[in-house]
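Participant: here's a sequence, model it:
(chains A, B, C and D)
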Number of protein chains: 2
Amino acid sequence: MGITERKEREKAEMKRLIMNAARKLFIEQGFEKTSIRNIADEIEYSPGTIYLYYKDKSELLFDLHQESFQKLIEQFQRVLNIKDPFERLTTMGRYYMQYGFENPELYELMFLMSSPIETIECREEIWEDGHVAFDMLRQIVRECIDAGYFKIDDVEGTSMMIWANVHGLVTIHLRKRTTMFREGERIPRLEHAYERFVELIQGRI
Amino acid sequence: MGITERKEREKAEMKRLIMNAARKLFIEQGFEKTSIRNIADEIEYSPGTIYLYYKDKSELLFDLHQESFQKLIEQFQRVLNIKDPFERLTTMGRYYMQYGFENPELYELMFLMSSPIETIECREEIWEDGHVAFDMLRQIVRECIDAGYFKIDDVEGTSMMIWANVHGLVTIHLRKRTTMFREGERIPRLEHAYERFVELIQGRI
DNA sequence: AAATAAAATGAACGGTGTTCAGTAAAACAA
DNA sequence: TTGTTTTACTGAACACCGTTCATTTTATTT
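Facilitator: Below is the predicted model of the structure:
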């Protein structure tokens, strides 16, 4: 029915309107300073309206979490053109860190905020987004092992170690635990630490 | 004057009473679920009383942040008995991760929560606690380099890389981003990834 | 045109951190 | 000992939060 289709289109547009406003405010002023009322003001509706389209604030955050993962995975897909698996691996790491540095609020939502995982637990689902991204890493690590770059045949342990490293660097930065370095040096120091790590894995495993 | 001394002692005791209650509730139910009113109920005072002893909730969190760092550094000091610097380094890493796994709320306060760093910024001070801990790591890395364990003479880059790795592992766990592994396996997998990292740094730098 | 359904409103609810006017208790001075 | 001053404490008020809901407005159906 034309009316039914139009209403569904309007519902999707309304959700997009809400999400766009939410994302904008989350990015501009952070999650803690962004309320449902702020988002409602931004789109010139009442706070109650938002609950017609999203179950609660957590669901809004979860949808943005998924969208953010899609963007990260799109970045990751750009490395698939690189033939050498080790080069692919280390470039993926740089893209990961760059994504975190350039999108601090989204990175927090993806990897540091409890809400999205709680949403998944409530729905008794799995963290598809995180698993997909981790699988991409695992796949490349497997190819590195097969190509003889890593001597120990341990995809899981190696993948987790590699992820932990870049995740640690990004998180230290986002939570401002780099004050032992001068202000202009902080991201370069972290990037340098990553290159140190690249040298490390290049030589031994 | 005896009265002045007694009043100062009572003030310190009152702060301890508040802090003990706060710590207990923060650990039992988490920071987000612990309010000033809850803490006041726990010590059977009114909420307003807490503001006679602490400027605000952030100051309370900051004091607990400092206390938590003292405990971590006490753990670190236990490794100073180990003669071999590489053994000392890797044991320190295990203690760090153990501290994080066993004290998730305190670890969050120390390394993931923004409030303590914001408090320091307001006071125009430096993150003494974090710097002291990082200096201990740097010291041991220097000794590893001097002993020939690491070939590249780069204390800063190596230290930051090492810290990022253990911090990444702990944070991935605390924020429940290990659901790609089965429930009983998660900490063992992270510990395994750390041992993988130990093998890695043992061989190359 | 009337009845029904859907969308939207904005105040209410129960909570938060923090402040403050008023009260009670302790300390000080006469 | 009494009156005054200072300090400690109370608990409601304030402005905010996420979410719900009684009511109104608008759109759809009959």
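Participant: got phi/psi on A:Phe31?
Facilitator: phi -70, psi -40 (degrees, to the nearest 10).
Participant: residue ranges with poor pLDDT in chain A?
Facilitator: For chain A, the stretches with pLDDT under 70 are A:1, A:204-205.
Participant: that one against DNA strand C: which residues are in contact?
Facilitator: With the criterion set to CB under 7 Å from any atom of the strand, chain A comes near DNA strand C through A:Lys7, A:Lys11, A:Met14, A:Glu44, A:Tyr45, A:Ser46, A:Pro47, A:Gly48, A:Thr49, A:Leu52. Where you see a C-beta, it was placed from the backbone N, CA and C, and this is true even at glycine.
Participant: at 6 Å instead, please
Facilitator: A:Lys7, A:Lys11, A:Met14, A:Tyr45, A:Ser46, A:Pro47, A:Gly48, A:Thr49, A:Leu52 (CB under 6 Å from any atom of the strand).
Participant: ok, then the element right after the host helix or strand of A:Leu52?
Facilitator: A:Leu52 is located in helix A:47-53, with elements delineated by DSSP states H and E. From helix A:47-53 onward toward the C-terminus, using DSSP H and E, the following helix or strand is helix A:57-77.
Participant: for that following helix, which positions count as buried?
Facilitator: Buried positions in helix A:57-77, judged by neighbour count with 16 or more other CB atoms under 10 Å in any protein chain shown: A:57-65, A:68-69, A:72, A:76.
Participant: check stretch A:30-49 too.
Facilitator: A:Phe31, A:Thr34, A:Ile36, A:Ile39, A:Ala40, A:Glu42, A:Tyr45.
Participant: for DNA strand D, state which of these is nearest.
Facilitator: For the buried residues of stretch A:30-49, the residue nearest DNA strand D by CB to the nearest atom of the strand is A:Ile36; the value is 3.7 Å.
Participant: and the closest one, what does it touch?
Facilitator: A:Pro47, A:Ile50, A:Lys57 (CB atoms under 8 Å, 6 or more residues apart in numbering or on different chains).
Participant: ok, now how distant is the second one from A:Asp41?
Facilitator: The one in question is A:Ile50. 11 Å (CB to CB, to the nearest Å).
Participant: cool, and the first one?
Facilitator: Summarising the geometry, the distance separating A:Pro47 from A:Asp41, computed by CB to CB, is 9 Å.
Participant: for the helix or strand where A:Gln202 lies, output the C-alpha coordinates as PDB.
Facilitator: Of the helices and strands defined by DSSP H and E, A:Gln202 is found in helix A:186-203. The C-alpha trace of helix A:186-203 is given here as PDB (Å, rounded to 0.1, in the frame of the first residue of the first chain):
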ATOM      1  CA  ARG A 186      51.800  12.700  22.300                       C
ATOM      2  CA  ILE A 187      50.300  11.200  19.200                       C
ATOM      3  CA  PRO A 188      53.700  11.000  17.500                       C
ATOM      4  CA  ARG A 189      55.000   9.100  20.600                       C
ATOM      5  CA  LEU A 190      52.100   6.700  20.300                       C
ATOM      6  CA  GLU A 191      52.700   6.200  16.600                       C
ATOM      7  CA  HIS A 192      56.400   5.800  17.300                       C
ATOM      8  CA  ALA A 193      55.500   3.100  19.900                       C
ATOM      9  CA  TYR A 194      53.400   1.400  17.200                       C
ATOM     10  CA  GLU A 195      56.300   1.400  14.800                       C
ATOM     11  CA  ARG A 196      58.500  -0.100  17.600                       C
ATOM     12  CA  PHE A 197      55.900  -2.800  17.900                       C
ATOM     13  CA  VAL A 198      56.000  -3.400  14.100                       C
ATOM     14  CA  GLU A 199      59.700  -3.800  14.200                       C
ATOM     15  CA  LEU A 200      59.300  -6.200  17.100                       C
ATOM     16  CA  ILE A 201      56.800  -8.500  15.300                       C
ATOM     17  CA  GLN A 202      58.800  -8.200  12.100                       C
ATOM     18  CA  GLY A 203      61.800  -9.900  13.700                       C
END
